[in-house]
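**Student:** Based on what follows, work out the 3D shape:
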Amino acid sequence: MEILILLAIALAPGVAIGVYIYLKDHHEREPLGLLLRSFLFGVLSIFVTLIISLIIEQFITIDEASLSEQAVHAFLIVALVEEFSKFIFVRGILYNNKHFNEPFDGIVYSVMVGMGFATFENILYAINGGFGTAIMRMFTAVPAHAAFAVLMGFYLGKAKFEHKKSYYALHALAVATLFHGAYDYCLFISWVPGLVLGALVSLILGIWLSKKAIRIHQIASPFNLKNTPEPKAESNPTTENNASPLP
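**Tutor:** Have a look, this model is predicted:
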């Protein structure tokens, strides 16, 4: 029974965030089957991360007491590898799907892939760390992955639908990596007094920017009726010709 409760706690935040983003897609929601497939892509991205990380570990070792080497660890070995592993599924597969037909869909698919990654990772951590770890990650690591995904998806949406702005796809990977790296770096050097708060600042800033990104793409949706120009009223030539002149 305890393992089932632990599993439920590990699954809950990723599923809840996925549902939240789905409901935020006000104008043209994505097929549930495709969203589930996106979530599974996120699970697969864990294995991509593991393969790349194993290769890197053969060539690079990190001194945990070195601030500079921990920066390499946080930003390149962890953040860039994990975000790239998710990015290739969103940009390489979902980006070209016919249902990716508005900027907000970049956020939707990125979050679904991100939550697949975060949920599977959360289960592994919860099994090894127990209830305390599962509860802590419910309010930290999983929301952080969601924020990184929203920022990535925001720029992927811009890349696809803003004319000649495909380079925004690189921005998507870079911004997600930057926030992810900053979050992890502060945790990796938590032995430096006060710097652990930097992870909280990164998380809060990421969530704040994510909410703005969601709002921007909601408003910009081509399916938003407010963006549909009203038909011009046709004038009546007869009425105009017969109108009496003002005195």
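**Student:** so how far is Glu121 from Leu50?
**Tutor:** 11 Å (C-beta to C-beta, to the nearest Å). In this view, the C-beta of every residue, glycine as well, is placed from N, C-alpha and C.
**Student:** Who has more neighbours out of these two?
**Tutor:** Shown here are Leu50 and Glu121; by other C-beta atoms under 10 Å, Glu121 has more neighbours (22 against 12).
**Student:** my guess is the more buried one meets Ile46, correct?
**Tutor:** Yes. Between Glu121 and Ile46 a contact is recorded at 6.3 Å, counting by C-beta atoms under 8 Å.
**Student:** what kind of secondary structure is Glu102 in?
**Tutor:** Classification of Glu102 using DSSP: H, G, I helix; E, B strand; the rest coil returns coil.
**Student:** What is the burial count for it?
**Tutor:** Glu102, neighbours per other C-beta under 10 Å, totals 22.
**Student:** What of Ile51?
**Tutor:** Neighbours of Ile51 using other C-beta under 10 Å come to 12.
**Student:** Please point out which parts of stretch 50-63 sit buried.
**Tutor:** Of the residues in stretch 50-63, Ile52 count as buried by neighbour count, 16 or more other C-beta atoms under 10 Å.
**Student:** What are the contacting residues of it?
**Tutor:** 69-70, 72-73, 77, 81, 84-85 (C-beta atoms under 8 Å, 6 or more residues apart in numbering).
**Student:** again, 7 Å this time
**Tutor:** Applying C-beta atoms under 7 Å, 6 or more residues apart in numbering, the contact partners of stretch 50-63 are 69-70, 72-73, 77, 81, 85.
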